[in-house]
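Participant: Provide a 3D model corresponding to the input given below.
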Amino acid sequence: MKLSIIIPTFNEEYYLPPLLESIQRQDFHDYEIIVADAGSEDRTREIATESGCRVVEGGMPATGRNRGAEIAQGKFLLFLDSDVILTRDYLESCIDEFQDMGLGIAITQIAPLSDSFLNKITHDFANFFMKRVENIKPHGAGCYGIITTKKLHDEVEGFDEDLDFGEDTDYIERIGAVSQFKVLRSPKLLVSTRRLQEEGLRNVAFKYAKSTFYQFRGKQVTAEDLDYTFGHPGQKRILYSVCGEGMGHAIRARVLLNHLTESNEVHIFASDRAYDYLSARFDNVYEIGGFNTVYEDNTVRNKKTFIKGMKDLPGDLKNSLRLMYSVAKAVKPEIIISDFEFYSNLLSKILRLPLISLDNMHVLTQAELEVPRKYRTDRLAAEGVVRSFIQLPTRYLITSYFYPPLKHPKKAKYFPPVLRDEIMNLKPYNGEHVMVYQTSDSNLKLLEILKELDDEFVVYGFNRDEKDGNIEFKSFNEDDFFQDMANARAVISNGGFTLISEALYLGKPVLSVPVKKQFEQILNAIYMDRLGYGEFHEEVGMEDIERFLSRSDEYRKNIENYFVHDQNQAILEELDRIIGKCV
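Facilitator: As a prediction, this is how the structure comes out:
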């Protein structure tokens with residue numbers, strides 16, 4: 001036999017199958033696969049056996065690799081981590097280049113199993129660095145794939161099992177001292193980015209930069225030197241998952257995460273815009289798939305939304321749950337918090353962990369609502385979506401500025417809207433302009449109406465920066481947006497919960513024109529109107545806007561008298577209490 005492929009494993013039921021499939025697809029077949037398992041509690045051993053692998057007892061990576069090498073029958077040994085995938089013709093090109101160059105030990109180059117530009121740049125730099133120093137000092141890690149001969153492995157007595165970090169680099173250096181080392185140019189491994197996802201890019205980069213510095217100085221680095229332990233003793237471990245539809249969920253999550261990350265180890269999952277927003281502000285943020293509503297002409301297109309969701313679901317479900325499960329297995333969380341995010345709900349059921357639902361959406365399912373019958377179809381559709389996203393959580397924490405009676409007050413509780421510091425620190429006054437915010441740039445009818453009025457309007461949502469008569473268009477900038485809202489005499493918007501909440505906190509009357517068939521927005525607008533904080537209109541005309549502005553003093557007075565906020569204190573205290581009780 002020419003090649004023995006040795007794979008150390010521990011609870012790798014999600015990562016091992018793709019690797020084994022990629023091996024079986026190779027044109028080169030003169031090999032055996034040895035899985036050295038360190039006592040997995042999942043289906044790792046079963047999967048390996050079903051795939052025809054030889055399974056031996058493993059341990060730490062060095063121990064597993066040595067146990068596999070002891071029974072290996074191949075002339076060459078290829079050590080692979082379990083979360084890699086072989087590219088086309090990897091085995092054949094690896095063996096051919098290794099032999100043609102007369103090497104004793106080699107590693108291959110890597111590419112990330114991720115479309116992230118940052119991940120690609122990081123891995124390209126790693127490849128570049130390894131090639132630049134190959135003639136100075138043999139260096140590498142198991143994730144690159146290590147190929148050597150059985151003879152040389154035995155000669156250096158294998159991996160040093162007393163090392164708890166850098167055992168692969170030590171092994172490469174010892175064989176490189178008695179033979180020739182190179183980074184192979186042709187074969188390339190696709191590697192999982194879970195190390196970056198689980199620990200954060202900055203943490204991983206720092207640890208490996210520090211270990212490389214030590215090793216180039218001839219000092220053996222240990223796991224203790226690098227603080228190479230996953231997690232933080234004494235801290236509660238939390239998974240926090242955020243819906244990426246719109247920005248309201250992400251904005252609320254940021255406020256709560258600023259508090260939770262002070263004294264807990266929090267790992268964050270988010271999709272779309274929420275991922276971009278949160279990953280720029282926190283470590284340990286992982287990108288998952290998400291569901292997005294299709295809007296056309298300021299109307300929800302339910303059929304197109306459903307078709308798009310069903311098309312994306314199989315791939316998103318597999319990839320997102322795999323990522324979330326792998327992080328959870330490493331982190332061992334004690335609680336999951338979901339801001340209307342679907343996959344975290346499934347994960348909580350798989351892992352049997354407490355699930356806290358924290359959003360404004362569940363007022364649709366947990367409250368006794370009074371709405372006109374004409375919205376019955378939209379209401380039933382919205383309730384169905386909300387119920388399908390989150391099932392039977394431990395608690396419902398509902399943020400709201402209106403408080404209809406709860407169906408199950410022992411399980412659900414209201415809290416004022418979660419507001420960011422940038423809003424609460426503003427000093428509002430009533431200026432001359434009306435601020436207009438639209439999330440759909442197709443609502444051109446509204447613009448034509450505004451042009452016919454004598455008032456000044458500052459308009460966001462059309463991605464433009466220009467002045468057109470009495471309308472000033474602005475592309476989104478947080479600082480300008482906050483100041484324009486704080487200084488406005490009133491606000492015209494759709495029915496988005498976050499913007500309405502922020503406007504009310506600043507004492508601004510709101511004219512709400514919800515997206516059609518978006519019942520959550522319709523509900524927000526209905527209750528805002530009933531409380532006397534502004535007006536709800538399905539369609540808006542010039543007379544509606546003129547009447548709204550003429551009554552703005554009345555609405556402003558109602559907001560001042562009845563809108564109550566507690567600077568987020570109640571919900572932060574409740575979160576701390578629940579986390580302490582659950583764990």
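Participant: residue ranges with poor pLDDT in this structure?
Facilitator: The chain contains residues with pLDDT under 70 at 113-143, 164-165, 192-234, 290-316, 439-443, 582-583.
Participant: measure the residue nearest to residue 489 when sequence neighbours are not counted to residue 23 for me?
Facilitator: Spatial nearest neighbour of residue 489, chain neighbours left out: residue 430 (4.9 Å); criterion: Cβ to Cβ, 6 or more residues apart in numbering. Where C-beta positions appear, they are placed from N, C-alpha and C, glycine not excepted. According to Cβ to Cβ, to the nearest Å, residue 430 and residue 23 sit 70 Å apart.
Participant: same question for residue 362.
Facilitator: 47 Å.
Participant: how about the helices in the stretch 251-400 of the chain?
Facilitator: With DSSP state H, counting those that start in this stretch, the ranges of helices along the stretch 251-400 of the chain come out as 272-279, 302-331, 342-351, 363-366, 376-389.
Participant: so which of residue 430 and residue 23 has more stuff around it?
Facilitator: Per other Cβ atoms under 10 Å, whichever of residue 430 and residue 23 has more neighbours is residue 23, with 22 against 14.
Participant: distance from the chain centre to the host helix or strand of the more buried one, please.
Facilitator: Remark: residue 23 resides in helix 16-24, with elements defined by DSSP states H and E. Mean C-alpha position of helix 16-24 versus that of the full chain (Cα atoms, centre = their mean, to the nearest Å) differs by 26 Å.
Participant: list the helices and strands the next helix or strand after it packs on?
Facilitator: Once helix 16-24 ends, the next helix or strand along the chain (criterion: DSSP H and E) is strand 31-37. Contacts defined by 3 or more Cβ pairs under 8 Å, 6 or more residues apart in numbering; DSSP states H and E place strand 31-37 against strand 3-9, helix 16-24, helix 44-50, strand 54-57, helix 61-71.
Participant: sheet-wise, list the partners of the shortest one with their directions.
Facilitator: By that I understand strand 54-57. Strand pairing for strand 54-57, using DSSP bridges, gives strand 31-37 (parallel).
Participant: got the buried residues for the biggest strand by length in the chain?
Facilitator: Scanning the chain for the strand with the most residues, using DSSP state E, yields strand 181-191. Within strand 181-191, the residues that qualify as buried are 181, 182, 183, 184, 187, 188, 189, 190, 191, counting by 16 or more other Cβ atoms under 10 Å.
Participant: okay, and the beta partners of the first one?
Facilitator: Beta-bridge partners for residue 181, by DSSP bridges, are residue 105.
Participant: before we move on, the earlier item: residue 574 is nearest to which of the helices of the stretch 251-400 of the chain?
Facilitator: helix 363-366 (15.5 Å; Cβ to Cβ).
Participant: show residues contacting the closest one.
Facilitator: The set of residues external to helix 363-366 that reach it, using Cβ atoms under 8 Å, 6 or more residues apart in numbering, is 369, 379, 382-383, 386-387, 396, 398, 400, 402, 404, 406-408, 412, 519-520, 523.
Participant: give me that answer again for 7 Å
Facilitator: 382-383, 386-387, 396, 398, 400, 406-408, 412, 520, 523 (Cβ atoms under 7 Å, 6 or more residues apart in numbering).
Participant: how far off helix 16-24 does the longest strand of the chain point, in degrees?
Facilitator: 120 degrees (axes from the mean of the first three to the mean of the last three Cα atoms, to 10 degrees).
Participant: just the CA trace of strand 181-191, in CSV.
Facilitator: This file holds the C-alpha atoms of strand 181-191, laid out as CSV (Å, rounded to 0.1, in the frame of the first residue of the first chain):
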residue,chain,number,x,y,z
PHE,A,181,11.1,20.2,3.9
LYS,A,182,9.0,22.1,1.4
VAL,A,183,5.5,23.7,1.0
LEU,A,184,3.9,21.8,-1.9
ARG,A,185,2.8,24.1,-4.7
SER,A,186,0.1,22.1,-6.5
PRO,A,187,-2.2,20.4,-3.9
LYS,A,188,-4.4,22.6,-1.8
LEU,A,189,-6.7,21.8,1.1
LEU,A,190,-10.0,23.5,1.8
VAL,A,191,-10.1,24.2,5.5
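Participant: that one packs against which elements?
Facilitator: strand 84-86, helix 90-100, strand 105-112 (3 or more Cβ pairs under 7 Å, 6 or more residues apart in numbering; DSSP states H and E).
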